[in-house]
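Asker: pasting the structure only:
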């Protein structure tokens, strides 16, 4: 059998370590040159496949590909674009097959979160539904940590570490100022439906920091929240609030919604922190400061978790190995064996069970009062933020890779995405 | 002559490296036990002196004091409190002398910014005006970098590094997403009157990132700003905006003012980023993300500049050495000798020339159009963010020191601050 080429693409919100997965895919494919052909990357995710805008990763040096391991963001461009079902948009699927045929692509690696797992699953069905032989493997990636089956998702450990470190540092700051100035610091973090990221802020409790966490899983109760803040400030002189962007009232209203929606139709959130801070000021009169970490948290490769970087690479590598073993419609997973010492192995899940399933914080990970995390949650989170994996620096700034991203010559007529 | 005791206090907004200065003061005092007595720290700055709430730093182990070098925040507590003039509040000055006499204090080290230099200067005059022998030395500290005479201020290099690194990382993120999603990322940074911190964001231009900086020194011109953003997005597909919290219109109105004021009467700012982001969305239709770094930037010891940490320590050390040489009413300074290779020496400035003087960005450091920084500015900034000085980590989090902060037994009746 002739060697087939490989297609790899990044999808959805990028992370500090998605390029480490890309590195794992490309290096492993290069190590298996006898079985695999060229590795093409989609420029801007699946869009690159639809528009035949392919990048020839073979034009990048081994050192550049290695540098991806410590470069945040999506080196080939990502996208927020979800394929409709085959019935609803047969034209796009037929185009994909045209492009794959034209470039002799037999392997499809899609690196993304829940929505992307759905896209990858649909593509994996092309073999059967449209008779084109293709193996589609999903490489998990999401800071939200909301994919099912896998114990954790690459991207999460690093954002968790960033949030825990930042919460610790800012809380030390507030503690210094509390006597005559700021008494409450509010940090807004990402997490639309799942509170995993916010939960990481509570890891600083063991460092003597009083923290209130506002999870999307727990309906916001203003009265209880203010009572909790007041109690902590009276006891400790200060407190820190970590609020998830997805925090909402019992009736579903977000604490702050900007009114715009992204391409998947999700509400674009932001601004819960100032809402919470002003609420505290009005009710309790405490001076406040607030921060919204936004992209800083998911791009913070400078303080990435070494565990996360390692797993991101391993899952990219494993994806290629699964393809070589003939698998289709699967996702490599992290299967935890033990907490302390932390042990895991790389497993595999069928995409049919991954696509469109969201994993929320289990109720026993959140304290009874809804404002903190329990010991089981700490045992779950702690291994994921272990270790530092510092990038190299030059002139005071990290050395992050920018690839050449040279295009593969097109062979087909243009295609317009409707 | 009998050995006199030392008083040290931290003042104003704390930084990632003010404790490194404390470390320099205490270690140098300990190394001169033959000439100096005990080192007392004021709990919450000058308030600790007024209320006789002194901390006996002698109760802390050498390793704990050494750990201060890599601990952000103010280990003894800081304050926002400015002494009035001797005429306006003789009572407070007389109380200070009472406390100093009671505890045999002959040296006063005040670690702060412009307002604190003023306090320190007033205290330095006590020898003459109230006949109490005292040497007062100001140790510079301010992330705003706005003290005169000294080439830079400890605290600034680290926040500059944090802002440059964060801008680079978030810009890589936006670049990945720009085709189908976010095209403009807005980062709000500190800097009420001086744009030094915002300027650091522009250091990423040499990494291929299109940046627009909004300085407090340049009146905000909405039309010109939007034209600039549009041009960059049309050319590069995306752009990053770094906006100083102190950015304002020609008539003095801040882009965003929360309406509250701190103890010095300064407006408490915050929220320029969402204002700018929404402005871009409304005028140009670009999808945006915004972040407000707030305390995260000044507390970010995990990514402190090694140059900054070193200078913070050296200035603390030098302060004690100046006192031992008999100086009063002075501040040790960083005197730059060369940019590349970066060379400096520690000098000295009279406090009379430091107190209440603010150093803004020189006009030739800002590009003609007002949205960027010039080569001389890059030459100035680059050495200050050099080197990484990582804290130790345990269980995924930095090991930051929390002192015992044991009180010195009181000898005087209580004192109420009016």
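Answerer: Nice, I can see it. Since we're looking at a predicted model, the values are computed, not measured.
Asker: quick one, helices of the stretch 151-300 of chain A?
Answerer: In the stretch 151-300 of chain A, the helices defined using DSSP state H, counting those that start in this stretch lie at A:156-177, A:196-201, A:222-236, A:272-284, A:295-299.
Asker: what comes up buried for the longest one?
Answerer: So the one you mean is helix A:156-177. Within helix A:156-177, the residues that count as buried by 16 or more other CB atoms under 10 Å in any protein chain shown are A:156-177. In short, each C-beta sits where N, CA and C put it, glycine included.
Asker: from the chain's centre, how far out does it sit?
Answerer: 19 Å (CA atoms, centre = their mean, to the nearest Å).
Asker: so is it next to chain B?
Answerer: Yes: counting by CB under 8 Å from any CB of the partner chain, chain B is contacted by helix A:156-177 at A:161, A:164-166, A:168-170, A:172-177.
Asker: need the per-residue pLDDT for residue A:271.
Answerer: For residue A:271, the pLDDT comes out at 84.
Asker: touching, residue A:256 and residue A:275? I think so.
Answerer: Yes: proximity of residue A:256 to residue A:275 meets the contact threshold set by CB atoms under 8 Å, at 4.8 Å.
Asker: settle it for me: which of these two has more neighbours?
Answerer: Neighbour count, other CB atoms under 10 Å in any protein chain shown: between residue A:256 and residue A:275, residue A:256 has more, with 20 against 16.
Asker: next one: the more buried one from residue A:197, what distance?
Answerer: Remark: distance between residue A:256 and residue A:197 (CB to CB, to the nearest Å) = 17 Å.
Asker: residue A:72 now?
Answerer: 16 Å.
Asker: give me the more crowded residue out of the two.
Answerer: The neighbour count for residue A:72 versus residue A:197, taken as other CB under 10 Å, is higher for residue A:72 (30 against 27).
Asker: helix/strand/coil for that one?
Answerer: Following DSSP: H, G, I helix; E, B strand; the rest coil, residue A:72 is assigned to coil.
Asker: once you drop chain neighbours, what's closest to it?
Answerer: Nearest residue to residue A:72, sequence neighbours excluded (CB to CB, 6 or more residues apart in numbering or on different chains): residue A:301, at 3.6 Å.
Asker: next up, the contacts around that neighbour.
Answerer: Contacts for residue A:301 were tallied using CB atoms under 8 Å, 6 or more residues apart in numbering or on different chains; they are A:16-17, A:70-72, A:158, A:391, A:398, A:400, B:169.
Asker: if I pick the residue lying farthest from the centre of chain A, what's in contact with it?
Answerer: Note on chain A: the largest C-alpha distance from the chain mean falls to residue A:180, namely 39.2 Å (CA atoms, centre = their mean). Contacts for residue A:180 (CB under 8 Å, 6+ apart) come out as B:44-45, B:47, B:79-81, B:263.
Asker: closest to residue A:37 out of these?
Answerer: residue B:80 (65.1 Å; CB to CB).
Asker: right, and that closest one touches residue A:181 too?
Answerer: Yes: contact status for residue B:80 versus residue A:181: in contact at 4.7 Å, counting by CB under 8 Å.
Asker: distance of residue A:297 relative to chain B?
Answerer: 9 Å (CB to the nearest CB, to the nearest Å).
Asker: so residue A:339 touches residue A:383, yeah?
Answerer: Yes: contact status for residue A:339 versus residue A:383: in contact at 6.3 Å, counting by CB under 8 Å.
Asker: between those two, who's got more neighbours?
Answerer: A direct count of neighbours by other CB under 10 Å for residue A:339 and residue A:383 places residue A:383 higher, at 23 against 13.
Asker: out of the contacts of residue A:301, who's nearest residue B:305?
Answerer: residue A:398 (13.2 Å).
Asker: what residues are bridge-paired with the closest one?
Answerer: Listed by DSSP bridges, the beta-bridge partners for residue A:398 are residue A:393.
Asker: show me what contacts it?
Answerer: A:70, A:301-302, A:391-392, B:165, B:168-169.
Asker: got any ranges where chain A has weak pLDDT?
Answerer: Counting by pLDDT under 70, chain A has low-confidence residues at A:1, A:257-270.
Asker: center of it - which residue?
Answerer: residue A:142 (2.1 Å).
Asker: so the residue nearest to residue A:72 versus residue B:303, what's the distance?
Answerer: 11 Å.
Asker: check residue A:122 too.
Answerer: From residue A:122 to residue B:303 the distance is 41 Å (CB to CB).
Asker: how long is stretch A:58-77 end to end?
Answerer: 17 Å (CA to CA, to the nearest Å).
Asker: just stretch A:119-131 next, same as before
Answerer: Stretch A:119-131: ends 18 Å apart by CA to CA.
Asker: same question for it: list its buried residues.
Answerer: A:119-126.
Asker: make a markdown table from those and add secondary structure and distance to chain B to it.
Answerer: Below are those laid out as a markdown table (DSSP: H, G, I helix; E, B strand; the rest coil; distance: CB to the nearest CB, whole Å):
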| residue | secondary structure | distance to chain B |
| --- | --- | --- |
| A:119 | helix | 13 |
| A:120 | helix | 17 |
| A:121 | helix | 20 |
| A:122 | helix | 18 |
| A:123 | helix | 18 |
| A:124 | helix | 23 |
| A:125 | coil | 24 |
| A:126 | helix | 22 |
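Asker: flag every residue of the stretch 1-150 of chain A that's near chain B.
Answerer: Counting by CB under 8 Å from any CB, the stretch 1-150 of chain A sits next to chain B at A:10, A:13-14, A:16, A:43-44, A:47, A:71-75, A:77-81.
Asker: kindly recompute the last result at 7 Å.
Answerer: A:14, A:44, A:47, A:72-74, A:77-81 (CB under 7 Å from any CB of the partner chain).
Asker: with the stretch 301-418 of chain A instead?
Answerer: Counting by CB under 7 Å from any CB, the residues of the stretch 301-418 of chain A that sit close to chain B are A:301-303, A:305, A:382, A:385-386, A:388, A:393, A:395-398, A:400, A:402.
Asker: what's the closest of those to residue A:361?
Answerer: residue A:382 (15.4 Å).
Asker: hang on, that closest one packs against residue B:395?
Answerer: Yes: between residue A:382 and residue B:395 there is a contact under CB atoms under 7 Å: 6.0 Å.
Asker: which of these two has more neighbours?
Answerer: residue A:382 (20 against 14).
Asker: can you tell me the SS state at the more buried one?
Answerer: Assigned by three-state DSSP, the conformation of residue A:382 is helix.
Asker: who's in contact with it?
Answerer: With contact set as CB atoms under 7 Å, 6 or more residues apart in numbering or on different chains, residue A:382 has these partners: B:395-396.
Asker: is it true that residue A:378 lies in a helix?
Answerer: Yes: Residue A:378: assigned to a helix according to three-state DSSP.
Asker: how close does residue A:237 sit to residue A:179?
Answerer: Distance from residue A:237 to residue A:179, by CB to CB: 7 Å.
Asker: the more surrounded of the two?
Answerer: Shown here are residue A:237 and residue A:179; by other CB under 10 Å, residue A:179 has more neighbours (20 against 14).
Asker: ignoring the adjacent residues along the chain, who's closest to the more buried one?
Answerer: residue B:44 (4.2 Å).
Asker: from the residues of helix A:156-177 next to chain B, which is closest to residue A:151?
Answerer: residue A:161 (16.6 Å).
Asker: wait, doesn't that closest one sit right on residue A:305?
Answerer: Yes: proximity of residue A:161 to residue A:305 meets the contact threshold set by CB under 7 Å, at 4.3 Å.
Asker: what is in contact with these two at once?
Answerer: Joint contacts of residue A:161 and residue A:305 (CB under 7 Å, 6+ apart) are A:385, B:396.
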